[in-house]
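Student: kindly return the folded structure for what I paste below:
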Amino acid sequence: MVNQRSDFLTELESRIARLCRLSHEGFKSSPVDRHRLEGFIQAGVFLGLTTNTEAQALLERMYREITGKPFGEAVAGFVDWSGDANSYEHYEAPAYLRNR
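Tutor: The predicted structure is shown next:
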């Protein structure tokens, strides 16, 4: 179980780092990528490999390391930790209209 936990946390850190780098480079992570990360975390919680609190702390730490900024309002919606369904209505409009 220790090796599984270690492997899980290594993969979780890798997935979080990827999304943080995209954010830092000015790209918004896709809903699919965010949902995959959320699902991966939920699976880890279910299997007892992590907790939501631990995953949140890892996200905050990785975001600060990669961007040099605190994780906060600037990335609201980066990952929804509540487990509630997100509304992606905003993304129904073309990007050139949303970015005005």
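Student: name the residues of stretch 57-64 that are buried.
Tutor: 58-59, 62-63 (16 or more other C-beta atoms under 10 Å). Using the backbone N, CA and C atoms, a C-beta is placed for each residue, glycine as well.
Student: and these, which two are the farthest apart?
Tutor: Farthest-apart pair in those is 58 and 63; separation 9.5 Å (C-beta to C-beta).
Student: who are the packing partners of whichever helix in the chain runs longest?
Tutor: When the chain is parsed with DSSP state H, its longest helix is helix 2-24. In terms of contacts (3 or more C-beta pairs under 8 Å, 6 or more residues apart in numbering; DSSP states H and E), helix 2-24 is packed against helix 31-46, helix 52-67.
Student: please repeat the previous calculation with a cut-off of 6 Å.
Tutor: The contact analysis (3 or more C-beta pairs under 6 Å, 6 or more residues apart in numbering; DSSP states H and E) places helix 2-24 against helix 52-67.
Student: contact partners of the helix it packs on?
Tutor: Applying C-beta atoms under 6 Å, 6 or more residues apart in numbering, the external contacts of helix 52-67 come out as 16-17, 20-21, 24, 41, 70-71.
Student: tell me which helix or strand comes right after that helix.
Tutor: Per DSSP states H and E, the first helix or strand lying C-terminal to helix 52-67 is helix 95-98.
Student: for that following helix, buried residues please.
Tutor: Buried, per 16+ other C-beta under 10 Å, within helix 95-98: nothing.
Student: same question for stretch 26-39.
Tutor: 29, 34, 37-38.
Student: quick one: least confident of these?
Tutor: In terms of pLDDT, the lowest of those is residue 29, showing 81.
Student: state the distance from the closest residue to that one other than its chain neighbours to residue 62.
Tutor: Excluding its sequence neighbours, the residue lying closest to residue 29 (C-beta to C-beta, 6 or more residues apart in numbering) is residue 19, at 4.7 Å. Distance of residue 19 to residue 62, computed by C-beta to C-beta, to the nearest Å: 9 Å.
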